[in-house]
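1. Got a sequence here, can you model it:
(chains A and B)
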There are 2 protein chains.
Amino acid sequence: MSGEFDLISRIAARVSPRPDVVLGIGDDGAILRPPAGSELVIVTDTLNSSVHFPESTAARDVGWKALAVNLSDLAAMGAAPAWCTLALSLPAPDDVWLDACIDGFLALAARHGIALVGGDTTRGPLSLTVTACGFVAPGTALRRDAAKAGDDIWVSGTLGDAAFALREVLQHRSCADELRSRLDRPTPRCMLGQSLVGIARACIDISDGVLQDLGHICVASGVGAEVRLDALPASAALAAQAEGMERWRLQSAGDDYELCFTADPARRDAVSALSESLGVRLTHVGRIVAGVGVRVLDADGLEVQLRRGYEHFG
Amino acid sequence: MSGEFDLISRIAARVSPRPDVVLGIGDDGAILRPPAGSELVIVTDTLNSSVHFPESTAARDVGWKALAVNLSDLAAMGAAPAWCTLALSLPAPDDVWLDACIDGFLALAARHGIALVGGDTTRGPLSLTVTACGFVAPGTALRRDAAKAGDDIWVSGTLGDAAFALREVLQHRSCADELRSRLDRPTPRCMLGQSLVGIARACIDISDGVLQDLGHICVASGVGAEVRLDALPASAALAAQAEGMERWRLQSAGDDYELCFTADPARRDAVSALSESLGVRLTHVGRIVAGVGVRVLDADGLEVQLRRGYEHFG
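-> Numbers count the residues shown, from 1 in each chain, chains lettered A, B, ... in the order given. Alright, predicted model coming up:
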């Protein structure tokens, strides 16, 4: 391999510029010009091999996903993506793997106009930590602590495809491409998140499972929630593979990178209009109630016990 | 262990607040208010167990060092520390280890007034990635590309203590505390870095060895350098343990987290005054010349061949 410093130059040469980047990759730090009158949102997420993605994941997809999960966090805050850093640990030098990983990373970065401005490359077990920055108008960021009893609960896109694909991969079974791509190349809901500012009350991205992530909104907001399992949106591909309790388990297992948000029922028309204008399915899956905890109901309104999602040290 | 989410709350409760942190740990992202009219500097560095610190390193020191190496990068840019995130991968839940690690991290954070505003805790081989943000007045950041032929080359503090301690630890030999602490608890030169704005031309922090890091200044600035090995500052503790070529090798091995900077010889008085006012040793070790590469000279002015420092994939 060409060495750490060549590697850094090679990455730097492929990054798209932004006018607010005074100095990007290649110094001790990047120099950036935040826009006047904005608040800055910072998010960070790590992907470890075999924990956050199967070892068999293509390098290009690893790079894509490392950025995607962070863009998803920015989306959940309603922030417009701006800059990111990538800290990458690799067990051994591998130019081919690395170029493909950076390709995937930068392909997604270009879609969202986010500039890679710095990073660190070190020797160690395969791991990627991305930190991403975005902007919001002051006081407008979407937070977890803003839900109110009576709010509708909404979910974007469909849930469970990634969890189904992960199960198949881990059991060495083949899996339809459209399901596998939900696992390997999640679509961060950046435009949706920014458009929800002024419409949504609370918002979170679904990484650990919709019930667990909604639970974070409830704890932060001091409210409870009721979710109708049969309302959870499923793709046709997933619906063809799993139904009933099996499907619900997959739909609350996590790795979806959809948004879960609450909104005043008076804003239903605005939510519908947004769904139409962005071409993103938005599904009403329950409501915020007074109290604590997330109650999970089946089609008959009976309470169901379900594992709540993924916890690293649970 | 108490679980991922309790852990996050426990960390959040111990962080010192800053007035420019609108929302800290606990949401999808932190919300921050950059000061008007400043540029933002972002740095990121990873520490992997057995690569960046010996496995035997105390948890408290691991936390300290993870932040220290990033503060050192901010110092090298001349930036005032403000906010940071910590992405931490742990192989298994361990409340005691984690509390000690966070103690070390937050002890150093409090010294420099930097707020921990977010992070990620995941399962995986022990690894810490910190991203830190600071501020500089527009156009004043210290960069690698600003050295000019004729500049003096300066180094802060002393070099080689950490490399000596690492060698002793890896060979299971005991080592004086004052040397071991240079390895485990480096002192980032934050005040020095900020004070060098307007005095230094180019600046870098010494993580990979003074000759290699100075080489980065040379490449970025399109100049060469001459360094006198006998001028490299050594602590009394190191001088008592190693001399001549052995000492020079240790002094150019890295992990020092001192600053190496260049300045116009006309600024020698300013550099001396700064050394005195901050109580930080600043040593003139060579000069920037026209040409390329770093020439290394012994006490007689004869060229010496030395390994240039640490490269992860070299």
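2. Can you show me the helices along chain A?
-> Taking DSSP state H to define them, one finds helices in chain A at A:4-12, A:59-77, A:95-112, A:161-170, A:177-184, A:190-196, A:210-221, A:236-239, A:244-251, A:268-278.
3. got a list of what the closest residue to chain B within the stretch 51-200 of chain A touches?
-> Distances between the stretch 51-200 of chain A and chain B by C-beta to the nearest C-beta are smallest at residue A:124, namely 3.4 Å. Where C-beta positions appear, they are placed from N, C-alpha and C, glycine not excepted. For residue A:124, the contacting residues are A:89-91, B:46, B:48-49, B:51, B:125, B:127, by C-beta atoms under 8 Å, 6 or more residues apart in numbering or on different chains.
4. one more time with 10 Å
-> Contacts for residue A:124 were tallied using C-beta atoms under 10 Å, 6 or more residues apart in numbering or on different chains; they are A:88-91, B:46-52, B:89, B:124-127, B:312.
5. For it, what are phi and psi?
-> The phi/psi pair for residue A:124 (degrees, to the nearest 10) reads phi 170, psi 170.
6. how much space between it and residue A:101?
-> 15 Å (C-beta to C-beta, to the nearest Å).
7. what do you get for residue A:209?
-> Applying C-beta to C-beta, the value for residue A:209 to residue A:101 is 27 Å.
8. ditto for residue A:221
-> 38 Å.
9. Ok, residue A:131 next?
-> 17 Å.
10. neighbour count winner among the two?
-> Per other C-beta atoms under 10 Å in any protein chain shown, whichever of residue A:131 and residue A:101 has more neighbours is residue A:131, with 30 against 25.
11. Confirm for me that the more buried one is in contact with residue A:44.
-> Yes: counting by C-beta atoms under 10 Å, residue A:131 touches residue A:44, with 4.3 Å between them.
12. quick one: common contacting residues for those two?
-> A:70, A:84-85, A:87, B:44, B:84-85, B:87, B:118-120, B:129-131.
13. Strands - which of these land there?
-> By the criterion of DSSP state E, membership of the shared contacts of residue A:131 and residue A:44 in strands covers A:84-85, A:87, B:44, B:84-85, B:87, B:118-120, B:129-131.
14. Local confidence estimate at the nearest residue to residue A:270 once chain neighbours are set aside?
-> Distances taken as C-beta to C-beta, 6 or more residues apart in numbering or on different chains place residue A:199 nearest to residue A:270, at 5.0 Å, with adjacent residues excluded. As predicted, residue A:199 sits at a pLDDT of 98.
15. give the contact list for residue A:199.
-> Contact analysis of residue A:199 by C-beta under 10 Å, 6+ apart lists A:78, A:142, A:154, A:261, A:263-264, A:267, A:270-271, A:273-274.
16. Reformat those residues as a markdown table; add neighbour count.
-> Converted to a markdown table, these look like this (neighbours: other C-beta atoms under 10 Å in any protein chain shown):
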| residue | neighbour count |
| --- | --- |
| A:78 | 30 |
| A:142 | 29 |
| A:154 | 25 |
| A:261 | 30 |
| A:263 | 24 |
| A:264 | 15 |
| A:267 | 20 |
| A:270 | 16 |
| A:271 | 21 |
| A:273 | 13 |
| A:274 | 20 |
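17. Would you mind confirming that residue A:192 is in contact with residue A:257?
-> No: using C-beta under 10 Å, residue A:192 makes no contact with residue A:257, being 11.4 Å away.
18. So for these two, which residues contact both of them?
-> A:75-76, A:156-157.
19. For residue A:263, which residues are in contact?
-> Here residue A:263 is in contact with A:147-148, A:151-154, A:196, A:199-203, A:270-271, A:282, A:284, A:288 (criterion: C-beta under 10 Å, 6+ apart).
20. Quick one: buried ones out of those?
-> Buried subset of the contacts of residue A:263 (neighbour count, 16 or more other C-beta atoms under 10 Å in any protein chain shown): A:147, A:151-154, A:196, A:199-203, A:270-271, A:282, A:284, A:288.
21. show me where pLDDT drops low in the stretch 201-314 of chain A?
-> Across the stretch 201-314 of chain A, the ranges flagged by pLDDT under 70 are A:309-314.
22. try 80 this time
-> The stretch 201-314 of chain A contains residues with pLDDT under 80 at A:306-314.
23. Any of the contacts of residue A:124 buried? List them.
-> Buried subset of these (neighbour count, 16+ other C-beta under 10 Å): A:88-90, B:46-49, B:52, B:89, B:124-127, B:312.
24. Out of those residues, which is nearest to residue B:97?
-> Distance to residue B:97, by C-beta to C-beta, is smallest for residue B:126 among these, at 9.2 Å.
25. Could you find the closest non-adjacent residue to the closest one?
-> Among residues not flanking residue B:126 along the chain, residue B:49 sits closest, at 3.9 Å (C-beta to C-beta, 6+ apart).
26. Bridged to the one you found, which residues?
-> residue B:53 (DSSP bridges).
27. residues near residue A:45, how many?
-> 28.
28. any idea of the pLDDT on it?
-> On the pLDDT scale, residue A:45 is placed at 96.
29. Am I right that it is in contact with residue B:87?
-> Yes: with contacts counted by C-beta under 10 Å, residue A:45 reaches residue B:87, the gap being 7.3 Å.
30. Which residues are in contact with residue A:85?
-> A:25, A:29-30, A:44, A:70, A:116-120, A:129-133, B:42-45, B:129, B:131 are the contacts of residue A:85 under C-beta under 10 Å, 6+ apart.
31. isn't residue A:211 right next to residue A:204, touching?
-> No: with contact defined as C-beta under 10 Å, residue A:211 does not reach residue A:204; the gap is 11.6 Å.
32. Which residues are in contact with each of these two?
-> residue A:260.
33. Show me the beta-bridge partners of residue A:43.
-> Bridge pairing for residue A:43 - DSSP bridges - gives residue A:132.
34. burial measure for it, as a count.
-> For residue A:43, using other C-beta under 10 Å, the count is 30.
35. for residue A:24, same thing?
-> Residue A:24 - counted by other C-beta under 10 Å - has 18 other residues nearby.
36. which residues does it contact?
-> Residue A:24 neighbours (C-beta under 10 Å, 6+ apart): A:12, A:15, A:17-18, A:30-32, A:83, A:115-118.
37. so which of those is the most crowded?
-> So for the contacts of residue A:24 (other C-beta under 10 Å), the most neighbours sit at residue A:118, 31 neighbours.
38. any idea of the pLDDT on that one?
-> For residue A:118, the predicted pLDDT is 95.
39. Is it bridged to anything, and to what?
-> residue A:85.
40. shouldn't residue A:9 be in contact with residue A:25?
-> Yes: between residue A:9 and residue A:25 a contact is recorded at 8.4 Å, counting by C-beta under 10 Å.
41. And the two? Which one has more around it.
-> The residue with more neighbours, out of residue A:9 and residue A:25, is residue A:25; 20 against 13, by other C-beta under 10 Å.
42. I'd assumed residue A:8 was in contact with that one.
-> Yes: counting by C-beta under 10 Å, residue A:25 touches residue A:8, with 6.4 Å between them.
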